[in-house]
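A.B. asks: Curious how this folds, go ahead:
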Amino acid sequence: QVQLVESGGGLVQAGGSLRLSCAASGRTFSRNAMGWFRQAPGKEREFVAALNWNVDTTYYASSVKGRFTISRDNAKNTVYLQMNSLKPEDTAVYYCAADSGRNYVVPLSAPGYDFWGQGTQVTVSS
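C.D. replies: Reported below is the predicted structural model:
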């Protein structure tokens with residue numbers, strides 16, 4: 001089992017920034033991918049960003065590319081999501097996810113991930 005705990009959400013004005021953190025504990029895998037997803041009220045959970053734990057390969061949804069940056073600190077078993085130039089449409093609950101190492105490529109959709117955090121609310125006011 002892998003436990004994931006997100007933090008760093010909050011209320012910010014449009015144009016502002018937030019940094020989300022996801023601390024992983026328990027059984028960690030050397031080849032697991034980590035991802036961030038978000039879910040707004042009445043909408044499906046959508047992919048935001050992902051990276052491979054061992055390789056600096058990152059992926060972004062087109063809606064956040066150029067504004068969000070995913071990174072990781074292996075020594076701390078932590079993944080970050082730096083969010084800049086926030087827009088009201090970025091308002092959602094943000095979830096951290098980890099796969100179990102079963103994927104050959106970094107999954108870009110929710111079914112590819114096996115462990116999820118509880119989510120952290122991000123609200124962007126206009």
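A.B. asks: Now do the strand ranked longest in the chain: everything it contacts.
C.D. replies: For the chain, the longest strand by residue count, based on DSSP state E, is strand 18-26. With CB atoms under 8 Å, 6 or more residues apart in numbering as the test, strand 18-26 has contacts from 1-10, 12, 34, 36, 76-83, 86, 94, 96, 98, 117, 120, 122. In this view, the C-beta of every residue, glycine as well, is placed from N, C-alpha and C.
A.B. asks: From the residues you listed, which land in helices?
C.D. replies: With helices taken from DSSP state H, there is no overlap with the contacts of strand 18-26.
A.B. asks: Now do the contacts for the residue nearest the centre of the chain.
C.D. replies: Nearest to the geometric centre of the chain sits residue 36, at 1.9 Å (CA atoms, centre = their mean). Neighbouring residues of residue 36 by CB under 8 Å, 6+ apart: 20, 22, 48, 49, 50, 70, 79, 81, 94, 95, 96, 97.
A.B. asks: min pLDDT across those, which one?
C.D. replies: Within those, residue 79 has the lowest pLDDT, namely 92.
A.B. asks: can you confirm residue 63 is in a helix?
C.D. replies: No - counting by DSSP: H, G, I helix; E, B strand; the rest coil, residue 63 falls outside a helix, being coil.
A.B. asks: what are the phi and psi values for it?
C.D. replies: phi -70, psi -20 (degrees, to the nearest 10).
A.B. asks: Report how many residues lie close to it.
C.D. replies: Neighbourhood size, residue 63 [other CB atoms under 10 Å]: 14.
A.B. asks: Could you do residue 25 as well?
C.D. replies: Neighbour number of residue 25 under other CB under 10 Å is 11.
A.B. asks: which ones are touching the nearest residue to residue 123 once chain neighbours are set aside?
C.D. replies: Once flanking residues are discounted, residue 123 sits nearest to residue 11: 4.7 Å by CB to CB, 6 or more residues apart in numbering. Residue 11 is in contact with 123, 124, 125, counting by CB under 8 Å, 6+ apart.
A.B. asks: Also residue 110?
C.D. replies: When contacts are counted by CB under 8 Å, 6+ apart, residue 110 touches 37, 45, 47, 97.
A.B. asks: All good on my end, thank you.
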